[in-house]
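> this one's sequence-less:
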């Protein structure tokens, strides 16, 4: 039985992206301030090489590469969902204010205790880790947005309210920055630059579980995404309960984005740029084909960004956000120019 032509095309792209992802995963383990030859890395994994290399690979580089892969999948999936649900090509995973909520949680942790000092609030904040604080902030905003989405039928109104909540949290962060000490402000700015190398084993397990569950929910929602792509009125006309399905998509996207942001900081442009590259590669709008390709491409792009940030010659790794911005901004500009029929 022969596959239809577009199925063969998508399958070929998927196999190529999967192979590239594996190659980049290996390269990400080998590249760093101390490059490791492939043969040395293989012997280290087998225990036939000094423990120095085994420690570098197993304790730092392999977990970091796994985090890059999972974060790339999470942000790309949530970005595609947001663009489809809002029918806005520039929508991204952070549009509902979840990232801003995570940022506020970390801001309260880092800068709040420098303001309140040894008070009860300061002691409470000091006992929280970055990931816990970010998760708490993201969860609060997520609950607010889910409550709003259950009461507001107009999706554009939900979008505007999400932007407003994000702006409000950004304003609160600005107040904290104004009153905080220099050391605390520097720590917060470093967190906003993003990082993949500080995720613990327990956090990596959580990130893996959330990515698997979120990706599975997204794959189960492909028919809904295809219907919403044509508008909510069309989705209702074919019998879909738009409110409940929209709620599931929002929950999936915020869960994926919130977890990635909590553990790695706000990483921009992956969610907004990757779905567009996937569309250009396969020239397909059907989410049955587009979603799996977007997942693989997100992992590929994030691994590539991590390799670039870790290239030899730097004393430390470059902030991952600077690399994703340099790769993602030209794509966003291209999308805007194409929409305006300039190119």
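Nice, thanks for sending it over. Because the structure is a prediction, the values reported are computed rather than measured. Numbers count the residues shown, from 1 in each chain.
> helices and strands of the chain: which one bottoms out on pLDDT?
Every helix and strand of the chain was ranked by mean pLDDT, DSSP states H and E. The lowest is helix 120-126, at a mean of 49.
> could you list the low-pLDDT ranges of the protein?
Residues of the chain meeting the criterion pLDDT under 70: 1-6, 47-51, 113-128, 313-316, 339-343.
> closest to the centroid, which residue in it?
residue 75 (2.9 Å; CA atoms, centre = their mean).
> against residue 261, how distant is it?
Residue 75 sits at a distance of 9 Å from residue 261 (criterion: CB to CB, to the nearest Å). From N, CA and C alone the C-beta is placed, and that goes for glycine too.
> now do the shared contacts for the two.
Listed as contacting both residue 75 and residue 261 by CB atoms under 8 Å, 6 or more residues apart in numbering are residue 267.
> mind listing what's buried in the host helix or strand of residue 278?
Using DSSP states H and E, residue 278 falls within helix 270-282. Residues 270, 271, 272, 273, 274, 275, 276, 277, 278, 279, 281, 282 are the ones in helix 270-282 that count as buried (16 or more other CB atoms under 10 Å).
> kindly reformat the residues you listed as CSV containing distance to residue 246.
Listed next are the buried residues of helix 270-282 as CSV, based on distance: CB to CB, whole Å:
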residue, distance to residue 246
270, 23
271, 18
272, 20
273, 24
274, 22
275, 18
276, 22
277, 26
278, 22
279, 22
281, 28
282, 26
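> and these, which is closest to residue 228?
Residue 228 lies nearest to residue 275 out of these, by CB to CB, at 14.3 Å.
> residues in contact with the closest one?
Residue 275 sits in contact with 76, 79, 80, 83, 290, 294, where contact means CB under 8 Å, 6+ apart.
> would you map the strands across the stretch 151-300 of the chain?
For the stretch 151-300 of the chain, no strands are identified by DSSP state E, counting those that start in this stretch.
> how near is residue 244 to residue 283?
32 Å.
> which of the three states applies to the residue nearest to the centre of the chain?
Put simply, residue 75 is helix when judged by DSSP: H, G, I helix; E, B strand; the rest coil.
> thought it was touching residue 271?
Yes. Between residue 75 and residue 271 there is a contact at 4.2 Å, judged by CB atoms under 8 Å.
> any residues in contact with both of these two?
Counting by CB under 8 Å, 6+ apart, the contacts common to residue 75 and residue 271 are 93, 257.
> contacts for stretch 243-255?
Against stretch 243-255 from outside (CB under 8 Å, 6+ apart): 77-78, 81-82, 85, 93, 96, 98, 138, 142, 145-146, 149-150, 153, 155, 210, 213-214, 217-218, 221, 224-225, 228, 235.
> of these, keep whichever come out buried.
Buried among the contacts of stretch 243-255 by 16+ other CB under 10 Å: 77-78, 81-82, 85, 93, 96, 98, 138, 142, 145, 149, 155, 210, 214, 217-218, 221, 224-225, 228, 235.
> list phi and psi for residue 239.
Backbone torsions of residue 239, given as degrees, to the nearest 10, read phi 90, psi 10.
> give me the neighbour count for it.
7 (other CB atoms under 10 Å).
> what about it, distance to residue 245?
Distance from residue 239 to residue 245, by CB to CB: 11 Å.
> distance of residue 230 from residue 243?
For residue 230, the distance to residue 243 - CB to CB - is 17 Å.
> next SSE downstream of the strand or helix carrying residue 64?
If you go by DSSP H and E, residue 64 is part of helix 62-86. Going down the chain from helix 62-86, the next helix or strand is helix 98-107, by DSSP H and E.
> which other helices and strands contact that following helix?
helix 130-151, helix 155-179, helix 182-192, helix 242-264 (3 or more CB pairs under 8 Å, 6 or more residues apart in numbering; DSSP states H and E).
> so which of those is the most packed in?
helix 242-264 (a mean of 23; mean count of other CB atoms under 10 Å).
> quick check: angle from it to helix 98-107?
40 degrees (axes from the mean of the first three to the mean of the last three CA atoms, to 10 degrees).
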